[in-house]
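Enquirer: Need coordinates for the following:
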Amino acid sequence: MGSTLSLEDLVKHSDNIYEAIIILGKRANQINEDQKVFIEREAGIDDSYDNDDEDDYNDRDMLNEGKKIRLPKPTSMAIEEFISGKLQYDYGDDVEGEAAQAKE
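Expert: So this is what the prediction gives:
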């Protein structure tokens with residue numbers, strides 16, 4: 001998306017702008033995680049262990065140097081899905097009950 005997005009476009013698909021931003025943020029995070037898995041699979045990285053060592057990051061950089069994988073930005077993808085009406089969201093079973101518990 002190269003153009004400016006109007007707030008009215010976002011509010012059309014949600015109750016208010018704050019709700020739209022939360023929905024877009026959560027969807028962008030989901031897309032980002034999917035892209036990470038895709039890149040790791042393409043680079044041949046075994047992610048069966050979750051180790052945050054610096055060496056692990058260096059290995060990932062070296063593996064990605066040979067292959068340049070260009071993916072669309074997660075935020076842009078989330079906005080396009082949201083505006084086109086492809087994005088469905090749900091608050092779960094009992095949102096009011098959870099809110100009431102949090103206040104007590």
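Enquirer: Now do the helices in this structure.
Expert: Along the chain, counting by DSSP state H, helices occupy 7-11, 17-43, 54-66, 74-84, 95-103.
Enquirer: between the longest one and helix 74-84, how big is the angle?
Expert: Spelled out, it's helix 17-43. Put simply, helix 17-43 runs at 130 degrees to helix 74-84, going by axes from the mean of the first three to the mean of the last three C-alpha atoms, to 10 degrees.
Enquirer: So for helix 17-43, what gets flagged as buried?
Expert: Ala20, Ile23, Leu24, Arg27, Ala28, Ile31, Gln35, Ile39, Ala43 (16 or more other C-beta atoms under 10 Å). C-beta: built from backbone N, CA, C; applies to glycine.
Enquirer: okay, who's weakest in those residues by pLDDT?
Expert: Model confidence across the buried residues of helix 17-43 bottoms out at Ala43, which has 77.
Enquirer: Could you report the neighbour count for the residue lying closest to Lys26 once chain neighbours are set aside?
Expert: Spatial nearest neighbour of Lys26, excluding adjacent residues (C-beta to C-beta, 6 or more residues apart in numbering): Tyr89 at 8.0 Å. When neighbours are defined as other C-beta atoms under 10 Å, Tyr89 has 14 of them.
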